[in-house]
Structure formats: C-alpha cells, structure tokens
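Participant: predicted model and sequence below, questions to follow.
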Amino acid sequence: MILGVAYYPEHWPEERWETDARLMREAGITRVRIGEFAWHRMEPKDGAFQFDWLKRAVELLGRHGIKTILGTPTPTYPAWLHMKHPDIHQVNSNGTIREFGMRQDACKNHPGYRDYARRIVTRLADALGKHPDVVAWQTDNEFGCHGTARCWCSYCRKAFQEWLRKRFSNDIRALNTAWGTFFWSQDYNSFDEIGVPRDTAGCAGNDGQNPALVLDFYRFSSDVQVEFQREQIKILRAKSPGRLITHNLMGAHRTVNYFHLAADIDVVSWDNYPFSSNGTNLPPNSMHHDLMRGCKQKNVWVMEQGSGQGGWGSYNATPQPGQMRLWAWQAVARGADMVSFFRWRSCRWGREQYWHGLLYHHGQPQRRYQEAKALGAELAALSKELDGTTVESQVGILFDYDSIWALETQPCAQGFDYIALCREYAQAFARLGVTADGVSLDSDLSRYDLLIAPSMHLITPEGAERLKAYVHNGGTLLLGPRSGVKDTEDAVVDALLPGLLREPAGCHVEDYDNFGMVKNLTMHVRDEDDRVWPARIMADVLVPEGKARTLLTYAGHYYAGKPAAVENPYGNGVCIYLGTLLDESGLRMLAERLLRRVHVSAISGLPECVEVVCRVKPGGTYTFYLNHSAHPVAVDLVRPGVDLISGKETTGKTEIAGFNLLIVKERG
Amino acid sequence: MILGVAYYPEHWPEERWETDARLMREAGITRVRIGEFAWHRMEPKDGAFQFDWLKRAVELLGRHGIKTILGTPTPTYPAWLHMKHPDIHQVNSNGTIREFGMRQDACKNHPGYRDYARRIVTRLADALGKHPDVVAWQTDNEFGCHGTARCWCSYCRKAFQEWLRKRFSNDIRALNTAWGTFFWSQDYNSFDEIGVPRDTAGCAGNDGQNPALVLDFYRFSSDVQVEFQREQIKILRAKSPGRLITHNLMGAHRTVNYFHLAADIDVVSWDNYPFSSNGTNLPPNSMHHDLMRGCKQKNVWVMEQGSGQGGWGSYNATPQPGQMRLWAWQAVARGADMVSFFRWRSCRWGREQYWHGLLYHHGQPQRRYQEAKALGAELAALSKELDGTTVESQVGILFDYDSIWALETQPCAQGFDYIALCREYAQAFARLGVTADGVSLDSDLSRYDLLIAPSMHLITPEGAERLKAYVHNGGTLLLGPRSGVKDTEDAVVDALLPGLLREPAGCHVEDYDNFGMVKNLTMHVRDEDDRVWPARIMADVLVPEGKARTLLTYAGHYYAGKPAAVENPYGNGVCIYLGTLLDESGLRMLAERLLRRVHVSAISGLPECVEVVCRVKPGGTYTFYLNHSAHPVAVDLVRPGVDLISGKETTGKTEIAGFNLLIVKERG
Amino acid sequence: MILGVAYYPEHWPEERWETDARLMREAGITRVRIGEFAWHRMEPKDGAFQFDWLKRAVELLGRHGIKTILGTPTPTYPAWLHMKHPDIHQVNSNGTIREFGMRQDACKNHPGYRDYARRIVTRLADALGKHPDVVAWQTDNEFGCHGTARCWCSYCRKAFQEWLRKRFSNDIRALNTAWGTFFWSQDYNSFDEIGVPRDTAGCAGNDGQNPALVLDFYRFSSDVQVEFQREQIKILRAKSPGRLITHNLMGAHRTVNYFHLAADIDVVSWDNYPFSSNGTNLPPNSMHHDLMRGCKQKNVWVMEQGSGQGGWGSYNATPQPGQMRLWAWQAVARGADMVSFFRWRSCRWGREQYWHGLLYHHGQPQRRYQEAKALGAELAALSKELDGTTVESQVGILFDYDSIWALETQPCAQGFDYIALCREYAQAFARLGVTADGVSLDSDLSRYDLLIAPSMHLITPEGAERLKAYVHNGGTLLLGPRSGVKDTEDAVVDALLPGLLREPAGCHVEDYDNFGMVKNLTMHVRDEDDRVWPARIMADVLVPEGKARTLLTYAGHYYAGKPAAVENPYGNGVCIYLGTLLDESGLRMLAERLLRRVHVSAISGLPECVEVVCRVKPGGTYTFYLNHSAHPVAVDLVRPGVDLISGKETTGKTEIAGFNLLIVKERG
C-alpha cells in the first residue's frame, strides 16, 4: 500500500523543495509523479536539453525515501514548437482551431509533433531512465481529455485514409460495400476521397455523416492514441529497463479504447475525483473503480486522488473532514495498491489555480495535509495485511467500445446511453455488496459466473462466438435491449434481431419501440409473481423460441402481454434477453435474481450510505465497510472478525462513525 | 387512388428485386419512386454514365404492374465531383463549411455543380424519359431541407449581387433608398460591395444585419431553388413529354416559397410524417395537408408517407396498429390522390438506418407490411367512388412568405411566429370540421368566403389592392396584429398603421405593446357579451374609424377599455382587425363567429380525437370521420349515408373503433 | 437642466427638418446629438468629404434655439472602406469573422482603419469644430457594445505583444515569472510567441487559457478603447476649442474600464434604458446612475434616455403613461444635468426599426411626444432651483475592473458575479434612501464614510495601501468574500488570505468552500442577537486575529460555529470582512448596521416602490420622492417643504400619484 502525490518542482523555488520533501515524508508519502507537463523546462529551445534540475529534484526526494514516477512531457508542447509548426494544432469538426494554451492539443498525426515527441522522450529516458530513484514511467497524461482523442485536421484525414486502406486491404469496393455508401450516393472511387466526419449541412459530424464512417473514425482516433503510446513505450523499455510503465486513465472514458491502451502498459493507473457534491450517499464512483480494475483484470494505482476543491473557473465543494481519507480507502477497497493525491500544493498560477492540492497556495500545512498524514500512517500500518490482496469479482459488466461508439452516433433513443447503463448495473451490484469488473469481449470471461451486456449493440462474428462459448460453458449472460443490431462495420444485420445472438438468446424481436416518445404513457413490465416494475424508454417486443421461457411481459401499450424478457438455457449456461430498461428498483430485483441463480451471495438491507467490498489473499479475507454519510450508521457485519483500524473484535451489528470505515479481517 | 412506395434498388442485390416487386404487387402498390439519390450509380466516374441497372429495375417493376416516378439525382453529388471542385460545398453564416456527407449541400450557385447537375438530368432523361414505365418525374428532393436553401458562400454573394442588380434595375441609389442604408452608414457605392448576411459582432446574420438585406437574401435564396428546379423542368419537358412533373415538398416549410416552386410543376407532392408521439389526440398535421393542397389549389400526392419509426440518431415511437392506415386515409381525406410510403425496406446502411420502411432491415413482411396491404385493398376498392373527388374549402389561410421572412428576422415579440399562428387557426377550423386551404396572396381568393391573414405584416401595394378587392367583392377578411407594418422592401411604412390596409380595416393603431414582457401581467379581452378571453403576447391598441365597430376591448393594463378588435363593413364585405393573440378557446369562439357570418356550417361538440373532412364530386359527397384515439368513440354523423369501409348504412350516433374511420357516402 | 434628443437628419428628407425642429422646440428640447453614424454621408467616397448637409442641419436647428452635440462617425465604417481593406473586420475568439453590417466592428488595431478614422475626425472638426451652434462632442458611440472591445485578430495579436513588451519592460522572463508560464509548459522565449486567448481544445478562450494571459488581454483590450478615444480627443481639443467632450457610456459595463475612459473626457454621459418589464417596483437602474455619477465623481448627462419600446428583432413593453417622465426625473434626481431622449423618431429602416423614438415611424406626435413635452416644461420651470445642485454620497461602492476581469475568467463559484453584487448593494442602499457612488480605487475615497468592496479579489500593493490608508484615516470598509486572493498579475498570493488585506481585515481564511455545490444544503449565518440569515454560494471560514471580533458565525455544515464575518478596528476606522453572500434581507440588515455606525441616516419603512434621493446646493436641499408603481402611494416625508411640482407645502404623510413624484424643497 503506497501513498503518493503529484509534485511539480518546476512551479516552486528550488529552496522550497527540501521543505516539501520533508513534509511529504512526514505524511508517509513514498512516491511522487513528476515531469509530465515540463517539456519547456526540459527543452527550453529546440534541441537544447536541460535535465539537471529534474535530476536534482528526483535525488532530493530520493534522499527522503521518495521514489519517482516520471511522466513523459508530451501533453503540452512548447510555444517555440508552435512557432516552428504553426499548423501543429488540432482542428474541430466545424473546422475551427484548437489554439495553443491547453493540453493534448497537438495533432498526433502531425509529423513534426511526432518527431519532437519521440526526441524528448528519448532524451529524457537517456537522462534519467536508469536512475535508481526512478521506479516507473507515466506516458503522457490522460489521453483523450478535453475531447482531444479526435481531431479533424488534414493530417488526420490523410492518416485516416491510410488506416482505412489497411483495414480494407486497399480495396475501395470492400469499403463501399461494408459502409453501404450507395446510400446517398456516397460511393468512393478511391481512398483519397474519404474525409474525416466534419460537420455537414444542419448537423454536427457525429450526427450527419454516414454512421459507418463515424464509427471507423472513432476506432481510428482511439488507435492513434494507442499507437502514439506504443511508440513511447518502445523507447522507454529500451532505455529504462525494469521500470513499470503506466498511464493515468480517466475512469469510464468514451473516446479511447482503454482495453487496447492498457494492454501495452504494466499497470493501469487512473485519476479519481469523487467530488463532494453530495454529502450523504454513496458516491457514484464505484463503476470507475470496477472498470479500471477490469482493464487488465488486476489491481491498479490511483495516480490522481482528489485532494480538495477541483475546478478551473469555478471549483467544487471542499471535501468534508474525513471524506478524503474515506475516498482513498474506497480506492484501496476496490483494488488500488497505490493512492497518489493530486496535487501536493495548489498552483499559484495557470488554469488550474483552483484544482487544489493537499496544501493551499500558501504552502502551510492545514486540515487536508493532516488528513493525508493520518491516512499515510494507516496505510503503512496495514500494508503487511493488505499487500498481495486482490478483489475477486464473480460478475463482469461488458464495457464494449464498439457498442458505445455505435450508440454515440446513433443512440436509438434519447436517454439510451451505454455508459449510464453500466453505471446503473454497477450501482445495483455495489448496493448489494457485490463487485463487478468492467471488462471487454477480449477479457478472460471465464472468471465470471455472471456477465452483463447492457446492450450488445454491435457484435462481430468473433464476439458472438465468444459469448456463445461463455454461455455454453456454463456462464449466465444478460443481454440488454438493442443487442445484435449492428455488424462489424455498423450495418444493421440482415436477419431477425438479435441477429448473431438469436441462438443463445432463444428469441427474436418482432417489433421495437421508443415508447419514451409517447406522451403521457407510463410503462411497466410484469414478472412471474405478478409484480409490476417501471420500464423506461424502449421496448424490444420478443418472441421466445425453442426452450426459452418468458420472465417479464409488457404491462401496457399496444404490445401489452407480450414478452419483455426471455430466459434461454443454452449449453451448460443460460442467457437472458431483457428487451427494455428498468429503474433502480427493477435492476435490484434483477440483480438479486441473477445472483441467486449463480450462487453469489448478496447483502440485502444495506443502508444507502454504506459500501461493502472484499479484498482477499490466500489465508485472508478483508471486508471493507465504508460509511459515506456524515452521520454514524449501524451495519450488520457479514462475518465477524477484527477491525484493523480500531484493532477491536467486531461482530453482528456495529456502528461506523460518519465518513469512517471498518476493515474487518475475518476469522477462519 | 394510388398506393405507392419509395424504392431503392441500388441498395439491394439484384436477385432480391423480384421478391420486392412481388410483395409490392401483392400489397396493391402500383407506383414507386426511384433514383433521386443515385447519382454515383448513374455516373460512377465523370462522364461515364450507367443507366442499365435502372432500366432493368424499372422494367422488372413494370412487369408487376408498377409504374415509376423517376427522381433526378441532384441532391447528393458524388465524391469524385467534390474532388474536382473542392469548393462545391455550401457555407454557413459564420463562415464554416457544410462538408460532403449530407444532402442538398452543394452550392446551387456554384457553376461547376450547375453544369454537372444539368448534364446528369439531361442524360437520365435521354436514357429513360420516354420509357413507357416511367410515368412521372420528381425534381431533386425536398429543396431546402437541413437549412440548405440558404448558403453564404462567395458564389452566392456574387449571385445575390446580380439578383439585386436586376431587382433594382442596376440602380444602386434605388437600393440604398429602399433599404435605408443611410442607417448605420451602410450606403453602397456599387452592387459589388454588398455581402450575404453573415454573422456580425455579437449577432447571427439573421439578427444583426439590416433586415431589408436579410429579407432580400431570403427571397433570393428561395428564387435560387425555384430557378434550379426550372432548369431541370425545361430539360424534362423536352426529353420526356407527357410525364407529370412533381417535387416532394415538406408541409409548412419556411425557407422556400412553395407557391413559386409549385407554379412550375404539374402536381404538388409532399412528405408526411405524422409521428406517433401522441396516441390519443388529433395529430397537428392538418395544417400541412391544407397548405399542400392550397399550393396549387388542387389535389396532391403524398410522396412520402411515414411507414414506421423515423429518425436518424434516435428514432420516434413505432406507429401503433392502425395508425399508419389511419394517417394514410387522413391524407386522402384532405386531398391526396396518391399515398406513397417511405420507404419499402429499412436501409441497412447510412444515416437513415432508422428511418424505417414497411419492412424492417431483414426484409421479411411483418405487421407494417400487412397494414399497408390492407390499405392497398381498400384504396383499390374505393377508387371508383373517390377518384375525381376534391376538397372544397370555403376558408383560406394566408401563408405569406414575405411576412414569414420579415418576421423571421424581426419577430417583434418572442413567441410571435407566423407559422405557429397558421397552425392554431388551421387547428381551430379542423376541430369544427371545416377545412381551410393554405394560400398566398396570388392564389384565387375568390373561392373563399372567409380569408384569414394571421398577420399581414408586410404588404405590397399590389397585395393591398388584392385584399381590398377581395373584401369589396363580398369577402370576409380577418387581419391579425402587426398587419400593414412593412412595405415591399421591409421599411416600416410612413403612415398610421395598418398603413395600406387602414381603409379596409376601418381603424388605426394608436399604440402597440409587447405585454408579454411585463412581469405578472395576465391580459384578457372582453367581448360584446361581456365574456372575457385570455389574450397573449401583444396588443395593437385600436381606434375605430368611419363605420367600424368594436368587437373586443382590452380588459387590463393601461389601455383597458380600448378596442382590441374592430369590424368594418367595406364594399360588399367586411374586414375584422384583431389586435392581439387569442388562446385556443378564444380562437374557437372567433372561428365559430366568423363561420356563422359567412354561413359555413361548423360542427360543434366533436370529440377532441375526431377529425371530419369532406371530399366531393358532382353527384357525390364523402364525409370522412377519423378517430385518432386508440379507443372507440361515438360521433353524431352530420348526414346519414353508407359507410364505404363497412358497407353499412349509418345515421345519427355511430361508434368508430380505435384508430379507425368511417367514409360516409351521403345520401342525396 | 437640459432636455435633448438624438436626431438623425440623414434619415429623413430635408423638407421634414423644419417640422422636426419646430416640434422639438415646442417640446422644450434645446440639445440634439447628431452625426455619430453618418460616416458615409460625410465621406461618400474615399477622400471626398461632404459636410454641407450637416452644417445646414446644425444651423436650421440652431435657428430654433437647439444646440448640437456632434458625434464622431467612427463606429460605422463605410462599405467602400471594407472593399479597400477586406481584413478590417474584427475576429471572434474561435477565429470566425465579425462581418460588415454592425457597429464598432472594425479592428481598432488595424492601421488602415486607424488612419481613416483619424482623417474623418480631423476633417469633421475642421468643418464644424468652431461653429457656434456646436457646443459639445461625443466620441464615437458606446465603446465596447456588442462585445467589440475585444478582438482576436492578427493585428490585435501584434498589438497585444507590443502592449506586453511595454508592461514587462521588454523582459520575457519577467512575464514568464509573473504569469507562471511554467504551468503546462507555456513559457515564452520571446514576446512574438504570445497569442491572443483564442479558443482551445474543449474550451472558449476565456475558460481554457492561462488566466493571467486572459486578464492582461482584457486590460489591453480596454486600453485600446481608451487610446483610440484619446487620439480623437487630441484632434478635437486642437480643432474645436472650448467645446465639452463626452462619450456615451452604458452603465455597469464589463469590458472597458470606464474610469480610464472617463478620465479623458469633460463630462460622462450615458445611455439609460429602464425598460418597462416590471410595472410596479423600483427599476434596478439605480446602480447604473450611481456608477455613472461616480466615474468622475460629479454630475452627468444622460445621452440616451429610453423613449419607447426598445429592441431589435423583438421589442420590449411600451412605457406606461408617466413612466418616461418619471424615469427622466429619476435620472435628474441621481445626478443628471441633461436628459436626452433616444431617439427623435423611430427609424423606418435598418436593424433598429424597433428601437422606438418619441415619435412613431409616421412622425405624428402622439402620447410619448406629449409626455416629453410636459417634462420639457417642468425642467425649464425648475432649472433655476435645480441648476448647480449635486448628489452628495457618503457611501461608495468599489467597481473594480481588475477584480471583475479576474472573476470573469475564474468566477470561483457559479453565481458569484461582481457586478451582480454591486447591484445588490446599490439596491440595498437605495431602498434605504441612501445613494452610493460607484467608484474605483483611484477615486477620491476620502469623501465616503463607508466603502463597500463586494469582493476585493485582485489587489495590487498600491491598492492595498490606499485601502489601508482609507481605514486608518477613519473610514469604514466592508470587504466581501474571496478578497485579497490575486496579485497584480493574477497569481494567487503566497500567503494566508486575504493576503495584503489581512492586516486591516484582522483575520485570515482557514478554509474556503463552494457550498452552493452541495446538494440539499441550506446555509445560514447567525448574528450577535442570535438571529439567522440565509447565506449563499460560498464560505470563507475565518479566524479572527488581534482585536477583531466576530459578527456572524456559520450556522451549518462542517464549519458550523466558525466565524463568517469579523470586525476589526484599524487606526481610526474599522474594517469588516464578510466571508459569505447574504440575501436581500441580510444585506438590508448589514446596510442598516453599517449606516448606523457611520451616522448616515437611512429611511426605514419606505414602500418597495418608492425611491428617495437628494440633490443639494449651498442653501438648498431638494428631496425627490419617486413612485415607481402605477398606483398612488403614501409616504412619510423626511422633512417638510414645498413640492416644486405642485407648488404646495407638504409635510408628514403625503400621497404620490402612480408613476409620479414630489420634489420637496426643504425648509431651512
């Protein structure tokens, strides 16, 4: 269990560094992340490199027992490079420019930027890659933030054409067929004719262009980030052997395929900002934790843990006493082996003056520092117990980028949002004390007894085979509405829905409706016990096939009485097709039912504000009970044991103070 | 009575065509529209034409008794043409580009586009213009959709200057005087200095530029569409004699003067999408039907009748069982002689994947096909009765583009929208079982006993003479608020309002107010029977003159007790000036009063969900009773007769099933 | 007391001028403003000047006893100049263009525009500068309206670089240090690298760029206006000796530093549009009057007083009978020596057709003319009494542009708006019958017993010294929340807040919160009498120091019981630090308390609709009682005297008719 912090020695006089390092050490901090925005300090003029200051900082920290995670400084290109390459900037879908002054805003397909980026990473790795105080690397910073994963400039147009040429084996007819360009006379005679999806008459590019083109542009844009990172990793592996490489992800992010990005790094880290907008309930961050952990199906680091009010022009509420510590423990509970605050000290300058650090701008330790220090002591004390533990989920939730992107350009119905569905499922399981990994179709699915596909909207033949095998081998699969609609290139399939998934689903869709558009209509579904549950937005009207049986029926509108959910035995497993969206109560009912089926124990009756998570290792089970309200709450312990925080034996009904937690090492 | 469908053979394998044609024939379909988006298929490379596939499709359909309406493929220019003319695209008012990928988005003033458009139409007409299975033409598609009637590019600037040169007889001083360019020092020394109304400091072009310039730009933009169509019509008349020419309009559209566009074609067709957002009340489409019928004051075709969920990114609700048929019959009742569904089969590709056809993407006949088929049988059976019937309106509603455009750039008050007013009047009459043609000042007004001018905001001297003659000859004219304000070139008149209409109106406006801006003010007007009715937004405070008498007085604010409506005998007719806006109840009161005056019988007490319309021919009156709710409803028949649907004698109170109708052939 | 009107002889036939002048004279009008939008009329072609028409107009008016205030015609450049300099236009922050057709939209840093502007002013001053009927000049018109004070074009970029070079003595390292460009690697190697703050990835320039750069760009943009005016003033002083020079300001404007602009002119004039959106309460214009008067700490002119419905596309409500006169008297009461209506006659053409004049477009005198005429007679009759009187405020409210701009780019919390705070304070005092000048840190502060700094957010060392001296010398200073946060170049200070103001404030800020972001939290503060008052948005949690004592404590959230307001004796005065925002009731409580402390008499119990203001001169006190409601209201006179309007003795409880006033010349 490591406590870290993001530190910017380049922001402060060198005389101050010693004080900072001492205060860090006293707080139990043993890691800093450094350097990711300091290109100009490292290369103040074209080709004139300066790494001495950085080495001094690393070594000074090292003397205090603090090791460095070094960031490659490519997110912020220097102004002199802008002067050299005035067209280095990204371009928006309407053709306007993303001017110098932000981050990640150089076009990654601009050859000048690429050259300079390679060179600075190479020189930095040369300078510090083998330094004993440098223990890890972070590539760049938050790929894709501020919408920068997608750029509509002419360099990207060219690169997109090349990407397509490769994807379609240089066969333009194959592309025309796959994309259905005969629609609206959009056939291309050559790859050179294809554009990036800029805004059209009356529509943003996302809304007006051929959705197949948009989808491939999204895939291309994600691949550009992955490829850009791969280039850096190659340099770092060569020049800095033995160091872990990470990148700081952003939770449930939409524009970069995180499974691809994570495949190339050693450990996933991420930036966790559970802002204190709501003092009394479970923060909705559990989904982000679960997805980050699922990216590589193993423990993670939190590279940036909110350490105060966040915000640029306006800032958020201040964390209340106890919340920072609680949220850090939540991160550990859900799989983090390092929690690193962002940032050490609030920067006196620049756009992030109000993205506050552990210290205010004046640098004097106050409440937030003291909280971090208390946490540091706890983490150190419990490391022996917790090191080596992991979160073992029996449930997986598919975070499928193809479906996310297909639905981004064509959401089918307002309010039908893949990521929001993931959050709802994740919350439903979290409220039952069950963790669910966010995974992809390429993940090891055999780990899970239960797999949720909120909407398997786009499914490739390979993906369909994987899902079939999963169920066949005994898995339980839930398919949400609008599954199986799209093929690999975003065409609607030429078959009864759910297309390639019809066989495991054991049903077909006879009609589909967006009843959310009908005024004054309230929709329900009825279950086998004749209870009714609210339904939302959309209805796939189902026809069961073979051995399938109906679980839910629509309780209104013109398809009243027709199946809304169908359950089908398939091989050794079972597949449930749910044709509509449920609300919180319905999702809880469904989750409980599914968990019973797969023999995963859920905790019913948990107070709204309490989160329960387990970390385990051979010979040890550690159950975290986190109270996210400001007030004390009593909770029935699942199993008795010793609370590692207080050192007391606990059993049965136990009170947890406001913004506090128990870590129960269970007996047996 | 013809049943048709939009068909895209270029989207489907040729082996499928036979199946499609057979299914169409079985459904009673005898017309298809083909080709309007297939430029690239017709001319895959510059100058290399291919019409064979099209001929094969036309002939295959012909063999099934299905005749073709051929669309000119100019709305979607091919990508190779974009490469040849990179500046072929339209430009927005802020200077950004409308990129390739949409429709109607080539600049119609781009000489390259114009040349290529002429050529493809010529070659298509050469190839198929005299084919016996081709019975009609559709020019292009939905001129002006996606805002494309207006383009702010440099070609348009040049063309606009030429248009103005002609309008002002090459006399720049005449323009300066008419536009009042001395305001803000905007005098032009030559036509070359005049721009298209692009966005200015702090304002969109529509809101910041001289309104006279904006109005003429709107007129010019409409004329460009009309002229573009005229060019195609000239070719088609020469190369394809004897075929009807149509264009598919879009109901109450704002940017193209439909009376001008309709003048050049043989029959108006239009695209009717009464989406099922509201299952229980009369859909608000009656105004669109009435305006389309009014465009040429004769029967129309529905070229696209909604056949399922519509939408691009998100789609609408699915029509409930019976609604598609009911809406098609509504179209017939209100003047359509052909109803052609859009489209045959949902396209598997492209932006309109979710603009659903009679068949889903899989192509297997289901519910919506069966409904169309039932309708086909009914239409065939009733053709003998209904062919030759027309809708004979005694009421006209002026759909005046000059006023619409003048109010678009200067609406006077938020919420004062000409087209919304037309809808309110149309609805008020529809709810009384009275049809009202949407007409222009150039239409044959003598047909109508009652003429509604929702706001005769801009009136030319010729227009004023026409209205005076109309009243003088016995007509009853209602003038709404803010009438007579603007002259031909959008200057406010130099006279007491309503200016040129003061004489027939028998009053002048002593003050005018936008009381909608006054907080906490609720306004009413009082009628002669001392009843009060809510008034909305604005008040023209009137002073009656001559023999005029007051109908309504304001019941509040500082002009309480002053006239709000005045009635003036004028020649053999009467003119009513209404100085404010009423709500639904007030409009019904007014409509009833006006109808009594002109001896048009209205039906009072109609259920909200029931629509009543007549088609007549010598020796036959057919009254349609349409139930727009899902539930049965009883209605008092106006006159007894035989219900042609059921074949039964009907009289007095009669029940109509949900989403069903009666067509009562009346006795006598 | 002068009555004037804005007149545009260039809009009307010369034959009409005589009628206009006669009607003006009959209404008591003795001033007109002319010419500010007539560049093309004065110079129809490059270098071909025509001033004869203007001279004829000036002289014709002169013959009717009407003197002219001449406007320099630079806000609207002619179209021929656009042709000569196609890049003369301003540019938006996203790079799009502000097209010809609006006002103030030429780039003031475009050298061509500057040359032509100088020349037209010179030639106009040559032609009419010494004419006896020309008594004053107005420079340009409403600098900065429509957002035109800020332009993001390449000329501005160059000029901004020069401005920075001067500000930082050509030392780029000084700029880098002050701006903290090491944040995000934005260090500049030369001034040539610095851009204007255009839009970045994901953010508008205001929201994404370094706030220090944004702040200096705002300062630069304001300086450009001031410098541009200075250039004109230099010409006018030389060519037109003895004439007063003014500019028409816009009340509480955000983008131009009005104190700087006012320093160069002889008298502040401004444009006052108290639209009648609310018929019954005090209009919120008192702040604007108070700020305009405070700009030079002396009486002002109203150059444009609303004379009817205002608006471009839509217009506002019509002033009710009596309101125009009442609002004009309000202007006089609050310090105007001239009230000049805008405009004489509603323009029949152009974008301001609906910005109505005293006459409607038809030019026939009606109600609004008659009201102006009655006012003219009153002003003439009372001039002897009122000439030479002034408003003597004992309260000042700081309108601090540095803080306004720093908060514009970083508002800290949504809803925390400096100008809105000024309005709230101004209203609180106005409702107590106390006038408060809007002033700057450079104004003569010694005049005021009480000084309000709504948020002294950015404070320079010099500013801090001035405030300290003010309190030290006996003044009472109120500091609002988030004071002392920023240094001269927008860095957060390196000290406990309120930084440079900590000593007079007698406290420091231990924590700060944006509790407006916390759901379901209602916050209060508790005063010494245990009464609670609602608090809004934010909390500076205070720690009193030295002799300071606590006035208010927070009554909730995690800092309940901690100080929310602290009062500190300092030298001969006292400083109050208020750490949160109050609502209307709390502000009234605070204002009463502060006024008692400084022995300024407030009127309690004034009806909501009544405004009370004094003008005084040696030997005369004139108290205005204005009834802003439509209904009569009784008010207790502060002191007895003669009502100059009615000529009657008044004392004690006196009724004032709706939209009417008393001007009580007090006895003694």
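Facilitator: Received it, and whenever you're ready, just let me know what you need. Small disclaimer: the values here were computed from a predicted structure and weren't measured. Numbers count the residues shown, from 1 in each chain, chains lettered A, B, ... in the order given.
Participant: check contacts around the nearest residue to A:Ser455 once chain neighbours are set aside.
Facilitator: Using C-beta to C-beta, 6 or more residues apart in numbering or on different chains and skipping residues adjacent in sequence, the residue nearest A:Ser455 is A:Gly480, 4.2 Å away. Where you see a C-beta, it was placed from the backbone N, CA and C, and this is true even at glycine. Contact analysis of A:Gly480 by C-beta atoms under 8 Å, 6 or more residues apart in numbering or on different chains lists A:Leu421, A:Ile452, A:Ala453, A:Pro454, A:Ser455, A:Met456, A:Leu578, A:Leu581.
Participant: show me what secondary structure element comes after the host helix or strand of the second one.
Facilitator: Spelled out, that is A:Ile452. Here A:Ile452 sits within strand A:450-453, counting by DSSP states H and E. For strand A:450-453, the succeeding helix or strand toward the C-terminus, using DSSP H and E, is helix A:461-472.
Participant: can you list the buried residues in that next one?
Facilitator: Buried residues in helix A:461-472, counted by 16 or more other C-beta atoms under 10 Å in any protein chain shown: A:Gly463, A:Ala464, A:Leu467, A:Lys468, A:Tyr470, A:Val471.
Participant: tell me which other helices or strands the helix or strand that it is followed by touches.
Facilitator: Remark: after helix A:461-472, the chain's next helix or strand is strand A:476-479, criterion DSSP H and E. Judged by 3 or more C-beta pairs under 8 Å, 6 or more residues apart in numbering or on different chains; DSSP states H and E, strand A:476-479 is in contact with strand A:450-453, helix A:461-472, strand A:573-578, helix A:584-597.
Participant: can you list these in TSV and add mean pLDDT and distance to chain B?
Facilitator: Shown next, in TSV, are these (pLDDT from 0 to 100; distance: least, C-beta to the nearest C-beta, whole Å):
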stretch	mean pLDDT	distance to chain B
strand A:450-453	98	21
helix A:461-472	98	16
strand A:573-578	98	17
helix A:584-597	97	21
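Participant: and those: which comes nearest C:Ser393?
Facilitator: helix A:584-597 (58.3 Å; C-beta to C-beta).
Participant: work out the gap between the next helix or strand after that closest one and the centre of the chain.
Facilitator: The helix or strand immediately downstream of helix A:584-597 is strand A:610-617, counting by DSSP H and E. Relative to its parent chain, strand A:610-617 has a centroid offset of 20 Å by C-alpha atoms, centre = their mean, to the nearest Å.
Participant: redo the helices and strands packed on strand A:476-479 as CSV? Include distance to chain C.
Facilitator: Rendered in CSV, the data for the helices and strands packed on strand A:476-479 read as follows (distance: least, C-beta to the nearest C-beta, whole Å):
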stretch, distance to chain C
strand A:450-453, 29
helix A:461-472, 32
strand A:573-578, 31
helix A:584-597, 17
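Participant: any chance of TSV for these, columns distance to A:Trp184?
Facilitator: Shown next, in TSV, are these (distance: least, C-beta to C-beta, whole Å):
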stretch	distance to A:Trp184
strand A:450-453	32
helix A:461-472	27
strand A:573-578	33
helix A:584-597	40
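Participant: figure out which of these is closest to B:Gly62.
Facilitator: Between the helices and strands packed on strand A:476-479, helix A:461-472 lies closest to B:Gly62; by C-beta to C-beta that is 39.6 Å.
Participant: so what does that closest one touch, helix or strand wise?
Facilitator: On a contact count with 3+ C-beta pairs under 8 Å, 6+ apart, helix A:461-472 meets strand A:476-479, helix A:502-505, strand A:563-570, strand A:573-578.
Participant: how about the longest one and chain B, any contact?
Facilitator: No. For strand A:563-570, no contact with chain B is found by C-beta under 8 Å from any C-beta of the partner chain; the gap never falls below 15.0 Å.
Participant: now the stretch 1-150 of chain A against chain B: closest residue?
Facilitator: When distances are taken as C-beta to the nearest C-beta, the stretch 1-150 of chain A reaches nearest to chain B at A:Asn94, 4.8 Å away.
Participant: contacting residues around that residue?
Facilitator: A:Arg198, A:Asp199, A:Ala204, B:Thr96.
Participant: now with 7 Å, please.
Facilitator: Shown in contact with A:Asn94 (C-beta atoms under 7 Å, 6 or more residues apart in numbering or on different chains): A:Asp199, B:Thr96.
Participant: if we look at the strand holding A:Ile452, which residues are touching it?
Facilitator: Contacts for strand A:450-453 (C-beta under 7 Å, 6+ apart): A:394-398, A:425, A:445, A:470, A:475-480, A:483, A:594, A:598, A:600.
Participant: so what strands line up beside it?
Facilitator: strand A:395-398 (parallel), strand A:476-479 (parallel) (DSSP bridges).
Participant: is it possible to get TSV of the ones you listed that adds mean neighbour count, distance to B:Leu407 and mean pLDDT?
Facilitator: Listed next are the strands paired with strand A:450-453 as TSV, based on neighbours: other C-beta atoms under 10 Å in any protein chain shown; distance: least, C-beta to C-beta, whole Å; pLDDT from 0 to 100:
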stretch	mean neighbour count	distance to B:Leu407	mean pLDDT
strand A:395-398	27	52	98
strand A:476-479	26	52	98
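Participant: take those and write them to a markdown table, including distance to B:Pro9.
Facilitator: Output for the strands paired with strand A:450-453, formatted as a markdown table (distance: least, C-beta to C-beta, whole Å):
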| stretch | distance to B:Pro9 |
| --- | --- |
| strand A:395-398 | 39 |
| strand A:476-479 | 35 |
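Participant: quick one, which of the ones you listed gets closest to B:Gln209.
Facilitator: strand A:395-398 (52.5 Å).
Participant: what about that closest one, distance to the chain center?
Facilitator: 13 Å.
Participant: circling back to that earlier point, which of the contacts of A:Gly480 count as buried?
Facilitator: Buried, going by 16+ other C-beta under 10 Å: A:Leu421, A:Ile452, A:Ala453, A:Pro454, A:Ser455, A:Met456, A:Leu578, A:Leu581, out of those.
Participant: which residues touch the last one?
Facilitator: By C-beta under 7 Å, 6+ apart, the contact set of A:Leu581 is A:Pro481, A:Ala535, A:Arg536, A:Ile537, A:Met538.
Participant: wasn't it part of a strand?
Facilitator: Yes. Under DSSP: H, G, I helix; E, B strand; the rest coil, A:Leu581 falls within a strand.
Participant: tell me what it is bridged to.
Facilitator: A:Arg536.
Participant: what pLDDT does it get?
Facilitator: Listed pLDDT for A:Leu581 reads 98.
Participant: A:Ser277 now?
Facilitator: 47.
Participant: how about A:Thr280?
Facilitator: Reported pLDDT for A:Thr280: 42.
Participant: go on, A:Glu608?
Facilitator: 89.
Participant: name the helices or strands packed onto whatever helix or strand A:Thr177 lives in?
Facilitator: Assigned by DSSP H and E, A:Thr177 belongs to helix A:172-179. Packing partners of helix A:172-179 (3 or more C-beta pairs under 7 Å, 6 or more residues apart in numbering or on different chains; DSSP states H and E): helix A:211-239.
Participant: if anything else comes up later, I'll come back, but that's it for now.
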